[in-house]
Each structure stands twice: as C-alpha cells, then as structure tokens.
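*Asks:* Only the shape, not the letters, is given here:
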C-alpha cells in the first residue's frame, strides 16, 4: 500500500489555494466536501461550451449528451455495477422518496419494511411514512450506550413478511461502519431486499456495490468532491421488478425508471470529474492496469489508510475526557472519520468558538434526531461534530486537537 501524498491531494482542490479560506481548517466534511478541480473544470466546460439540450444531432448537443453518458458509465464501472444500474437525481433524499413510492405500489398492507434509528432522518423518513399505507414499519434499534446495531436483533426482526431492509453504511453521528455484506446476506436469506444509505461512507472511498451485495446503494456526490447530485445504484433484478416512476415511454430504460424529473445536465456531466480524480490519485500513487473497480478499490484503501492514521489521535484525545461523550467506537479502524461529541452544554456555541480559532466544525442534531434521542442526548443541545476526509493534513489535525482542548 502506498502512503497518500497529501500535498498532491490538496493540489487537486482549489479551496486550499483560496485566499478567503486561508488559515481555516475544514472539519464539517460530513455536511459536504470541497470540490476537486476535475469536477469544476468539467462543470465550467459544460456551462461555457455545451449548455444546450443534450442528445441532438448538432455537435455541442452531441458532446453534452456523451459527457452525461460518460459520467454514468465510468462511475458505475468504478463501483462494480452495470452502467444502466446507476442513475442520478437531485438529492439522495429525493431519490429515497421516489424509491419509497415505488415500493408503496409493489407492497401489500401487512408486509413489512425494517428501518433503523441510526439513520439520518431525510433518508429514513420516506420509508417510515409508508406506515400510512398499511405497511408495517419495524425498527432495528441501536444500543443506547454505544449506538451499535446488533445483527442478532436484526435476525429477530426478519421473517417472511419483510420485503425490504434499510440501513446506513455508517451513521452521520455514530460513525461506526456497519458490516454491509454480512447484513445483506442475512436479509437476502430471509427473502428481503436491501437498501443501503451510503451518504456518510462514500466520501471515504467509493465501495464496490457488487461485492457488498446490496440491491440499492445511495450516496451524494456533493459529499464525494462533486456537484450537488444524488447517486443511486439499483441492481437490475430489483429495478425491473419495481414499478416505473418516470414517464411511461422511459420504462424500458433502467437508469431512467426512478428519475421522474429531468436530469441536471451539467451536474450529471461533471460527475465524471469524480472518476477523473480517483484515476489521477491511482496513477500518481503507482497503480496501473486492472479494471475500473480495481482502481476504485486501490484508491478506497489509500484514502482509508490515511484517514485511520489521522483519526486515532483525535479519538485518543477525547475518549477519556469527563466533560464529553464520544459517540461510537474509539478505534479508528471501525469507523469513518465523523466524530460526534456530546458535551455538557449546547454544541452549536462551542462550534462557533472553534470557528474563532480557525476550525470549521458543526454543532446541532444533523437530522439524526432519532439516534440522539436513543442515546439519551437532547437534540436541542445536539452534538459537536468533527468530520474530515483524506485531504485533511496532519497539521490540521494537530491544530484541531489543540483548539478543541482550549475551547472545552
């Protein structure tokens, strides 16, 4: 495994050369990441050269459509799925809502969906509202001390009435990485489909969805260095079974079936820049040849190794403090670098104090109200959330730990 060249990485992000951001360290990446120049370049090119209706026979239109197709095909290949199994929508929340409407039409009253209280509300609420249609909603509950999801409890919830299991790859406040392949295997053995919310995991390395076995995998490109889009993988067997949610004449195209609104042409096209960035990192760090999925796996592991190295000192610094509570695991290998701290006071004013010292972090409930309540935390006081990605430097981590100690 190569060691991540942090200087090369940061050179790919214009934000690190932006004068207005100088002296500030960004630790609210779970809310949205900086954008790499490969995406910005493609977005600029599309708006300046190809901002026309795509797929017409004239050149600007043909190139615009080709670039949209390129984004879908290359991103799908990186994630180990077929090009038409990946589609774009305005946000992950909107994509989830559309999927919930498709399942509403497919399911019968009395059938069940399992959700968790570890989720971001925007991505669990659409499923929960199906209770109004007579669908049973079962909740796989977290441990009230650790936030952990125990698979033994899941097995007690699974039976022949369950049609769908929805859970996060990792929570946006607990941070623990759930064993998706293991959970998916349990659900499939019980005859249920699986929908994985990957919004909080994907920024730390895009997964191989085929290896995970999930039927649906959702994430947000604006948190993975790209434009504001929701990316949705629906495997063919499920996608062709669910009722079409788009225009009737698009029913035969899998990647169009669950996008009832027209696509944002420029933002879809710019998503190819995310793949450009991954391939640039792979080449710079000595990876060559192999499939797109192998390139994705190489960069995934490169990112995770760097994040784990930086994360453990932060976890060590907060684990034994008596003026806060760390949510989730204290071992870096078991979690994403999204660290939520319950304080003995409201979190948002503390985040504001940290901003005065050049640390950009967040305070609040982060739409994880159910998770916080289950953990015994008052959502009105919220948590201090510190989140970073592979482009964070050791110097920034040292500054964070020093400022955190000073403010607390």
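*Replies:* Yep, it's here. Computed from a prediction, not measured in an experiment: that's the story for all the values here. Numbers count the residues shown, from 1 in each chain.

*Asks:* Residue 117 and residue 371 touch, don't they?
*Replies:* Yes. Using CB atoms under 8 Å, residue 117 makes contact with residue 371 at a distance of 5.9 Å. Any C-beta I mention is one placed from the backbone N, CA and C, and that applies to glycine too.

*Asks:* Show me which of those two is the more surrounded one.
*Replies:* residue 371 (29 against 21; other CB atoms under 10 Å).

*Asks:* now the more buried one: how far from residue 325?
*Replies:* Between residue 371 and residue 325 the computed distance is 13 Å (CB to CB, to the nearest Å).

*Asks:* cool, residue 238 as well?
*Replies:* Counting by CB to CB, the gap from residue 238 to residue 325 is 39 Å.

*Asks:* likewise residue 24?
*Replies:* Counting by CB to CB, the gap from residue 24 to residue 325 is 27 Å.

*Asks:* ok now the longest helix along the chain, how far from the chain's centre?
*Replies:* In the chain, assigned by DSSP state H, the helix with the most residues is helix 292-319. With CA atoms, centre = their mean, to the nearest Å as the basis, helix 292-319 stands 15 Å off its chain's centre.

*Asks:* Would you give the sheet partners of the next helix or strand after it, along with the direction of each?
*Replies:* Under the assignment DSSP states H and E, the closest C-terminal helix or strand after helix 292-319 is strand 324-326. When sheet partners are counted by DSSP bridges, strand 324-326 sits next to strand 338-343 (antiparallel).

*Asks:* Quick one: mean pLDDT over the strand it pairs with.
*Replies:* Strand 338-343 shows an average pLDDT of 98 in the prediction.

*Asks:* swap in stretch 387-397?
*Replies:* Here the average pLDDT along stretch 387-397 is 98.

*Asks:* One more: stretch 222-238?
*Replies:* Rounded mean pLDDT across stretch 222-238 is 97.

*Asks:* So that it lines up with my notes, have the first residue be 11 from now on.
*Replies:* That works, and once the first residue is 11, the last one we named lands at stretch 232-248.

*Asks:* Now do the same for the residue nearest the centre of the chain: helix, strand or coil?
*Replies:* For the chain, the residue nearest the mean C-alpha position is residue 209 (1.6 Å; CA atoms, centre = their mean). With DSSP: H, G, I helix; E, B strand; the rest coil as the basis, residue 209 sits in coil.

*Asks:* and it, what does it touch?
*Replies:* 102, 130, 133, 178, 182, 228-230, 233 (CB atoms under 8 Å, 6 or more residues apart in numbering).

*Asks:* By pLDDT, give me the weakest of the residues you listed.
*Replies:* Pick the lowest pLDDT in the contacts of residue 209 and you get residue 133, at 86.

*Asks:* That one is in contact with residue 207, isn't it?
*Replies:* Yes. Between residue 133 and residue 207 a contact is recorded at 4.6 Å, counting by CB under 8 Å.

*Asks:* Once you drop chain neighbours, what's closest to residue 20?
*Replies:* Distances taken as CB to CB, 6 or more residues apart in numbering put residue 26 closest to residue 20, at 4.6 Å, once the chain neighbours are dropped.

*Asks:* Then residue 152?
*Replies:* residue 128 (5.0 Å).

*Asks:* tell me the SS of that neighbour?
*Replies:* Residue 128 - assigned by three-state DSSP - is coil.

*Asks:* Cross-check the contact I'm expecting between it and residue 178.
*Replies:* Yes. Counting by CB under 8 Å, residue 128 touches residue 178, with 5.9 Å between them.

*Asks:* residue ranges for the helices of the stretch 111-260 of the chain, please.
*Replies:* In the stretch 111-260 of the chain, the segments counted as helices under DSSP state H, counting those that start in this stretch are 135-138, 161-167, 190-199, 219-222, 246-251.

*Asks:* Can you spell out which helices and strands pack onto the first one?
*Replies:* Secondary-structure packing of helix 135-138 (3 or more CB pairs under 8 Å, 6 or more residues apart in numbering; DSSP states H and E): helix 102-116, strand 122-126.

*Asks:* what does the second one give?
*Replies:* Under the contact criterion of 3+ CB pairs under 8 Å, 6+ apart, helix 161-167 touches strand 146-150, helix 190-199.

*Asks:* can you list contacts of the first one?
*Replies:* Contacting residues not belonging to strand 146-150 are listed as 120-127, 137-138, 140-141, 159, 163-164, 167, 171-172, 175, 177 [CB under 8 Å, 6+ apart].

*Asks:* how much does it deviate in direction from strand 122-126?
*Replies:* Strand 146-150 runs at 30 degrees relative to strand 122-126, counting by axes from the mean of the first three to the mean of the last three CA atoms, to 10 degrees.

*Asks:* Please apply the same query to the last one.
*Replies:* Using the same axes, to 10 degrees, the direction of helix 190-199 lies 160 degrees away from that of strand 122-126.

*Asks:* if we can go back for a sec, in terms of pLDDT, where does the residue nearest to the centre of the chain sit?
*Replies:* 97.

*Asks:* Tell me the spacing between it and residue 196.
*Replies:* 22 Å.

*Asks:* can I assume the residue nearest to residue 20 sits in a strand?
*Replies:* No. Counting by three-state DSSP, one finds residue 26 to be helix, located in no strand.
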